[in-house]
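K.L.:
Give me a 3D structure for the following:
(one chain, ligands or ions: 1)
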Amino acid sequence: MKSKLLRISVLILLYVIPGISCTKRVEIDRTREKFVNSLLSKMTLEEKIGQMTLYTSGWDVTGPVLNASYRKDILTGRCGNLFNAHTVSYNRELQKIAVENTRLKIPLLFGYDVIHGYKTIFPVPLAEACSWDLELIEKSARLAAKEAASAGLNWTFAPMVDIARDPRWGRVTEGAGEDPYLGGLIAAARTRGFQGDSLSDPLTLAACVKHFAAYGAAEGGRDYGTVDMSERTLREVYLPPYHAAVKAGAATVMSSFNELFGSPATGSRFLLYQVLRKEWGFHGLVVTDYTSINEMVNHGYSMDEKQAGEQALTAGVDMDMQGGVYQNYLVQLVKEGKITESLIDQAVIRVLNLKYDLGLFDDPYRYLDDQREKDNTFSIEMMAHSLDIAQKSIVLLRNEPFNGARQLPLSPAVRRIALIGPLADNRIDMLGTWHAAGDETHVVTVLEGLKKAVSESQIIYTKGCETFGEDRAGFANAIRAASNADLVILAIGENYGQSGEAASRSILGLPGVQQELLEKIVATGKPVVVLLMAGRPLVIPWMAQHVPAILNTSHLGTRAGDAIADVLTGKYNPSGKLTMSFPQNEGQIPVYYSMKNTGRPLDPANKYTSKYLDIPNEPLYEFGYGLSYTSFKYSDLKLSSKQISMADTLTVTVEVTNTGFAAGEEVVQLYIRDLVGSVTRPVKELKGFKKLMLQDGETLSVKFTLSAGDLRFYTADLTYAAEPGKFRVMVGGSSVKCLEGGFELVK
Ligand code: BGC
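P.N.:
Residues are numbered from 1 along each chain as shown. Below you'll find the model as predicted:
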């Protein structure tokens, strides 16, 4: 009892009281150390390995089913952690086995992929990133954690922070897009959101930054594919978001499936020891991705699973997800002297530290409260946020006049609307990939949202076709509906399984016969608004030419239909900006804004410059792009000085005016270009942004500050430093349209 009280007070001191002194922290760490070491000293080798083992609980249509052998493994201490087990009643039953029936009574961790919501689903992460609203993004993670932790979970396999520049890769939808700076800020926001101020708070989850590292750079965009790049590119482009999440306090890191520099990430001592532990000082837990130790055999890096286990542990992997390799081979490896028990101890200490920090040793049932689960599932707060963030994730790609008038926001004169498409009255696909326990029965479809929002108008709904397959039987009805309407809204794109894991695509047009349907509807001569719902940037050159209005909605989650209706009617003025470029065609991939200039930059008048014969160099829609129902003018870019020293700060100001007839939000973006470096620099790099609300006619002065610290990069000898020289500053509403200025950095 006394020691329990002591531990509680220690937890309070460590995590609840802000500004706690360094000495106190050291003391507290010592208390944890003492507790964990004492527990460790009582553990058999098999029990230790059990703590390094993570298995999935099966999930049946009617509810969870734990494979009988896992139940036995928990009982015998051979499995200390589970994932995919959720709900209070089920997890209580499992926790009970661990803490009431095992020898050492060590509680289980319960992990789950709470990527963009648990039951109430928010937009897929790539869509949410388009809000450029860090507070709101943090809130999404905060609320997702609240709902999930209330359902008995204490660990999420998120945030996914892989930089992605190839939309053929289906998992681009799980991350924040192409840019390391924005990606880093979002990674930190999501980490803070999941973990809150205290891991032991029963409304938070331990975060797991994934997939470490560079999983997003798979060759050809083929999932699980080979990754290879220079160390400079790795450090400059791919590592920053992982690092940002680690700096934000992420409790755990997941090693990725891919190889990098010829070693699978799960066996890479360079990544897991040199970078993560030595350079970044990460003390938390490293877990593998699903069977990624076993897969080192297929990679051709290990001759068998036993060797793979040895390599993974030596590299720095603490916990084996689902592979059973540690469980099967570690005892033998110790006996053979291939690994030391002290290496195992280090891993076990990290697992036990996490359990301690989560407060599980004080109360293993702290996440298991039936009332809390009831109160926090689909709560008013969750549903309200689901609408708010969904509205802000929508990007208006095009809004050109048709017969002399813009179609959006919808005019009250539009009385008959034909709502067509496989995603128009669809619940499940609104949830997008990895929708956890997302409950489709709560989803508001576009049809439902629109009916509420424009109750005066007549809505004729017809599906037209599926998101896949060749069936054109619904075309005739769709054409008839369109012909009889004043305006057509077409909800088309990808279903939830057409992006995400194991969903790479080589042709990025609309899947199935949707393009044909689109062309037939446009041929009716009626004004068309497309709701583009996909997990990735699609290739849509025809649409971009022939359809007057396009909203990129992506997969918006539970309140999708309400959010879309609000944007269609103008109740919410769209403010999203793309965080991943839309290519002109697949041959242009990779296309991203921060490219290098080359020795022969594009000159349309000169054949022998860097370009294509058949398409422009620019993407169809660039990073940072997104329209509004109002318009913004940028003027008066001013730099506080023409020259700054390494210790100075430069102030950049710009005037932004809302020149239209509606209030609206604008994301003001600041880019720089380092003109000459010891290694070549990109033509543009995002270094700051501000999101502001401007009333119609209003002008605001926006101020940014830059210092030498913001100008650092990996120089010729891989030192992270700023080099003296000339810089360009560009400020605007996208990565293309910018006002420009310049300054010099001097020693
Ligand atoms: C995915 C991870 C995920 C894990 C557990 C893997 O297939 O790559 O992102 O966290 O499964 O569900």
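
K.L.:
now Leu532, what's its secondary structure?
P.N.:
strand (DSSP: H, G, I helix; E, B strand; the rest coil).

K.L.:
Use 748 as the first number for this chain going forward.
P.N.:
Renumbered: residue one is now 748, and that last one reads Leu1279.

K.L.:
What pLDDT is listed against the residue of the stretch 898-1047 of the chain found nearest the ligand?
P.N.:
In the stretch 898-1047 of the chain, no residue comes nearer to the ligand than Phe904, which is 3.4 Å away by C-beta to the nearest ligand atom. C-beta here means a position set from N, CA and C on the backbone, and glycine is covered the same way. Phe904 carries a pLDDT value of 98.

K.L.:
Can you get me a residue count around it?
P.N.:
Summarising burial for Phe904: neighbours were counted as other C-beta atoms under 10 Å, giving 24.

K.L.:
residues contacting it?
P.N.:
Phe830, Gly858, Tyr859, Asp860, Val861, Ile862, Cys955, Lys957, Met1001 (C-beta atoms under 8 Å, 6 or more residues apart in numbering).

K.L.:
one more time with 10 Å, if that's ok
P.N.:
By C-beta atoms under 10 Å, 6 or more residues apart in numbering, the contact set of Phe904 is 830, 858-862, 952, 954-958, 999, 1001, 1034, 1036-1037, 1068, 1181.

K.L.:
restrict the residues you listed to those near the ligand?
P.N.:
Asp860, Lys957, Asp1036, Tyr1037 (C-beta under 6 Å from any ligand atom).

K.L.:
thinking the third one is in contact with Ala1059, fair?
P.N.:
No: distance between Asp1036 and Ala1059: 11.4 Å, which falls outside the contact criterion (C-beta atoms under 10 Å).

K.L.:
Quickly list what's touching both of those two.
P.N.:
Shared contacts of Asp1036 and Ala1059, defined by C-beta under 10 Å, 6+ apart, are found at Ser1002, Thr1013, Gly1070.

K.L.:
Which residue, other than its chain neighbours, is closest to Phe1408?
P.N.:
Nearest in space to Phe1408, with sequence neighbours left out and distances taken as C-beta to C-beta, 6 or more residues apart in numbering, is Asp1443 at 5.3 Å.

K.L.:
And for Ser836?
P.N.:
Closest residue to Ser836 apart from its sequence neighbours, by C-beta to C-beta, 6+ apart: Asp1117 at 7.4 Å.

K.L.:
these two touch, right, the one you found and Asn838?
P.N.:
No: if you go by C-beta under 10 Å, Asp1117 and Asn838 don't touch, sitting 11.4 Å apart.

K.L.:
Common neighbours of the two, please.
P.N.:
Joint contacts of Asp1117 and Asn838 (C-beta under 10 Å, 6+ apart) are Gly899.

K.L.:
residue contacts, the residue nearest to Ser836?
P.N.:
Thr834, Val835, Ser836, Arg839, Ser897, Gly899.

K.L.:
so who does the first one touch?
P.N.:
In other words, Thr834. Thr834 sits in contact with Gly810, Pro811, Glu840, Ala898, Gly899, Leu900, Leu1115, Asp1117, Glu1120, Thr1124, Ala1184, where contact means C-beta under 10 Å, 6+ apart.

K.L.:
now it: how far from Phe1329?
P.N.:
40 Å (C-beta to C-beta, to the nearest Å).

K.L.:
and if you look at the second one?
P.N.:
Noted for Val835: a distance of 43 Å to Phe1329, by C-beta to C-beta.

K.L.:
Looking at the two, which has the bigger crowd around it?
P.N.:
Comparing Val835 with Phe1329 by other C-beta under 10 Å, the one with more neighbours is Phe1329, at 26 against 21.

K.L.:
still on that earlier bit, give me phi/psi at the residue nearest to Ser836?
P.N.:
phi -60, psi -40 (degrees, to the nearest 10).

K.L.:
shouldn't Leu1386 be in contact with Thr1398?
P.N.:
Yes: using C-beta under 10 Å, Leu1386 is in contact with Thr1398, at 7.3 Å.

K.L.:
any common contacting residues for those two?
P.N.:
Shared contacts of Leu1386 and Thr1398 (C-beta under 10 Å, 6+ apart): Leu1453.

K.L.:
buried sites along stretch 1166-1186?
P.N.:
1166-1174, 1176-1186 (16 or more other C-beta atoms under 10 Å).

K.L.:
Farthest pair within the contacts of Thr834?
P.N.:
Among the contacts of Thr834, the pair separated by the greatest distance (C-beta to C-beta) is Glu840 and Thr1124, at 18.8 Å.

K.L.:
The two - which one has more neighbours?
P.N.:
Neighbours were counted for Glu840 and for Thr1124 using other C-beta under 10 Å; Thr1124 has more, 20 against 15.

K.L.:
what residues are up against the more buried one?
P.N.:
Thr834, Tyr865, Lys866, Thr867, Lys893, Glu894, Ala895, Ser897, Ala898, Ala1184, Asp1186, His1189.

K.L.:
Which pLDDT value belongs to it?
P.N.:
At Thr1124, pLDDT is 97.

K.L.:
Kindly report the same for Ser804.
P.N.:
88.

K.L.:
Give me every residue in this structure lying close to the ligand.
P.N.:
Counting by C-beta under 6 Å from any ligand atom, the chain sits next to the ligand at Asp860, Phe904, Lys957, Asp1036, Tyr1037, Glu1248.

K.L.:
so can I have JSON lines of these showing distance to Ala1160 and secondary structure?
P.N.:
Converted to JSON lines, these look like this (distance: C-beta to C-beta, whole Å; DSSP: H, G, I helix; E, B strand; the rest coil):
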{"residue": "Asp860", "distance to Ala1160": "46", "secondary structure": "coil"}
{"residue": "Phe904", "distance to Ala1160": "49", "secondary structure": "coil"}
{"residue": "Lys957", "distance to Ala1160": "50", "secondary structure": "strand"}
{"residue": "Asp1036", "distance to Ala1160": "54", "secondary structure": "coil"}
{"residue": "Tyr1037", "distance to Ala1160": "54", "secondary structure": "coil"}
{"residue": "Glu1248", "distance to Ala1160": "45", "secondary structure": "coil"}
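
K.L.:
could you redo these as TSV and give each row distance to Asp926?
P.N.:
As requested, those are exported to TSV (distance: C-beta to C-beta, whole Å):
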residue	distance to Asp926
Asp860	24
Phe904	23
Lys957	18
Asp1036	24
Tyr1037	28
Glu1248	22
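
K.L.:
got a winner among the residues you listed for most neighbours?
P.N.:
Neighbour max across the residues of the chain next to the ligand (other C-beta under 10 Å) = Lys957, 27 neighbours.

K.L.:
I'd say Leu890 and Ile1127 touch.
P.N.:
No: contact criterion C-beta under 10 Å: Leu890 and Ile1127 do not qualify, at 11.5 Å.

K.L.:
The two - which one has more neighbours?
P.N.:
Neighbours were counted for Leu890 and for Ile1127 using other C-beta under 10 Å; Leu890 has more, 24 against 7.

K.L.:
Understood, closing this out.
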